[in-house]
Structure formats: C-alpha cells, structure tokens
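show me how the following folds:
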Amino acid sequence: MTDNKKITEAQLHAYIDHELCDTEQTEVLKSINDDPELLKTVNEIKYDMDMLSMAYRNLPVDKSIKNSARTRKSFSKNYAAIAASIILSIGMLSGWFIASESEKNITPIFTVVDDFDPVNLNIKKILVHINTMDKYEVSNALNKIETILATSEEAHTDIRLELVASIKGLALLRQGSPYAEKITSLSNRYDNVKFLACGVAMEATRIKEDGEVILLPEAKKIPAAIDEILEKLEEGWTYARL
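Residues are numbered from 1 along each chain as shown. You can find the predicted model right below:
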C-alpha cells in the first residue's frame, strides 16, 4: 500500500473510519503526508461526510431512514450491512453491475455484466443509480436507459424504470444540468420512467452551497437514495449501476 496509486477511495474511507489495521493505517497516513493530492482527497471526503451528517440531522424525523417504520421492521438487523455492500460495490466496480435480492435474504447479490438486456431477461422493474457526473458514464447510462425503454416499447413489454441520482450524481437532475434536454426528451416520450433526486444529497448540497437546490421539472425529490434502493430491492426490483 506504499504506492499512492494503489490507494483506492474505498481504502481512504476505511482509513478515515479507522477500520484498517495499525500497519495499514500508518502506511496510508504516510502516503497522505507525502502526497498533497491524496491529502486534498481525504479532506474532501471528510467534508462531504460532515455535510451528509448535517443533512441527515436536518431531515424531518418522519422522513429519516433511521426512523422509518419499514426500516425498523425489515432492516433493523442488517440495514447497515446492506447499505455498506451497495456503497462498497459502487466504489469498487466499473461497468454495468446488477443486483437483486435472493429468495430469502434481502442482501443484494451483485453481478457485473457486459450487456444488460432486461427484455430478454424478462426483467420488469429496474432502478438505475447514478452517483457520478463523469461524462462518459452518465452519457452511457442515459443512452442505455433510452435503449431499454425503446426496446421495451417495441417488444410491448411492461417495464418500469427509475433513475435515482445521489451525492456526486445529483447535478444530473439539477437546474442547469448539461443533460436537461435528454431527460426532458425521455420523460416526454416514455411514461414508464421516473427521475428521482436524493433528499439527503440535496440537503447536504444546500448546506455546502448555502442556497436552495432547484431540480429539473421532470425530477422528484425523495427522502434518501439508499432508502429507495433498499425498498425497491425488497419489492423485487433489479438494481443497476454503471
């Protein structure tokens, strides 16, 4: 781990949370001290974590995922583990990966796929999670969504699709988004697609920017992205992420 290039964002999160062994903590600390860019990244992660923490505290109690009746009932024992598995998979994988619940265990099973074809796989409910504003990845996601919707329409299959934007991906659904025309086009053409913005990410952004976050007309605010993901998994939706 002495090579800075080998230190991933997931490892930096583990370092910040003191989840590494003593030797690894020391090695990461040395790398941070030797690399100004790595130090900047750590500070940005800490800042974003503080903003999210403040956002959660500012949410109305009845909308907080910590206090939701569904969470207490269905995920009281393994909520943190499920959330962590989703977040870690997002940080460690690239390309399309798919997750769906097992028969008797809500913990998602992640599978990396080269070409996700829900029509041929007979998948009817899809949730696409965007947590990036990388031009290639976002364009790829929107094009893939359009292909799925068009293929479903041609095949006369009943597919429901939701796009959830959180944290770094929130800008996708904000006023002034470079993808506003594409989202408007998809929304106008297909009535089986929804665009959802994470309320926690919106609150964190409001605190960070000291100003209200205005969404595109096609976007709807939801309390929390992770809550939506877990709820949809429980309902049998397939979770997809670039």
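
and the residue nearest to Ile214 when sequence neighbours are not counted, how many residues sit next to it?
Spatially, and ignoring its direct neighbours in sequence, Ile214 is nearest to Gln175 (4.3 Å; C-beta to C-beta, 6 or more residues apart in numbering). The way it works is simple: take the backbone N, C-alpha and C, and place the C-beta from them, glycine included. The number of residues packed near Gln175 is 12, by other C-beta atoms under 10 Å.

pLDDT value on Gln175, please?
For Gln175, the pLDDT comes out at 96.

what distance do you get for it to Lys135?
Gln175 is 19 Å from Lys135, where distance means C-beta to C-beta, to the nearest Å.

also Gly176?
With distances taken as C-beta to C-beta, Gly176 is found 15 Å from Lys135.

and if you look at Val213?
Per C-beta to C-beta, Val213 is found 21 Å from Lys135.

pLDDT weak spots in the chain?
1-6, 10, 47-116, 121, 242 (pLDDT under 70).

swap the cut-off to 80 and go again
Applying pLDDT under 80 to the chain flags residues 1-14, 16-19, 41, 43-122, 240-242.

helices of that one, start to end?
Secondary structure of the chain (DSSP state H): helices at 9-16, 22-34, 36-58, 69-74, 79-92, 135-155, 180-189, 199-209, 225-234.

now those helices in a markdown table, with mean neighbour count and distance to Pro118?
As requested, these are arranged in a markdown table below (neighbours: other C-beta atoms under 10 Å; distance: least, C-beta to C-beta, whole Å):
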| stretch | mean neighbour count | distance to Pro118 |
| --- | --- | --- |
| helix 9-16 | 16 | 28 |
| helix 22-34 | 14 | 40 |
| helix 36-58 | 14 | 31 |
| helix 69-74 | 12 | 25 |
| helix 79-92 | 15 | 19 |
| helix 135-155 | 16 | 6 |
| helix 180-189 | 15 | 16 |
| helix 199-209 | 20 | 26 |
| helix 225-234 | 21 | 14 |
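
just put those in TSV and tack on distance to Ile123.
Output for the helices of the chain, formatted as TSV (distance: least, C-beta to C-beta, whole Å):
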stretch	distance to Ile123
helix 9-16	28
helix 22-34	40
helix 36-58	31
helix 69-74	22
helix 79-92	18
helix 135-155	9
helix 180-189	19
helix 199-209	27
helix 225-234	13
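
tell me which of the ones you listed sits nearest to Glu162.
Among the helices of the chain, helix 225-234 comes nearest to Glu162, with 7.3 Å by C-beta to C-beta.

how close does the nearest residue to Ile7 once chain neighbours are set aside get to Lys194?
Ranked by C-beta to C-beta, 6+ apart and with sequence neighbours excluded, the top spatial neighbour of Ile7 is Ser31, at 5.9 Å. Ser31 sits 42 Å away from Lys194, going by C-beta to C-beta.
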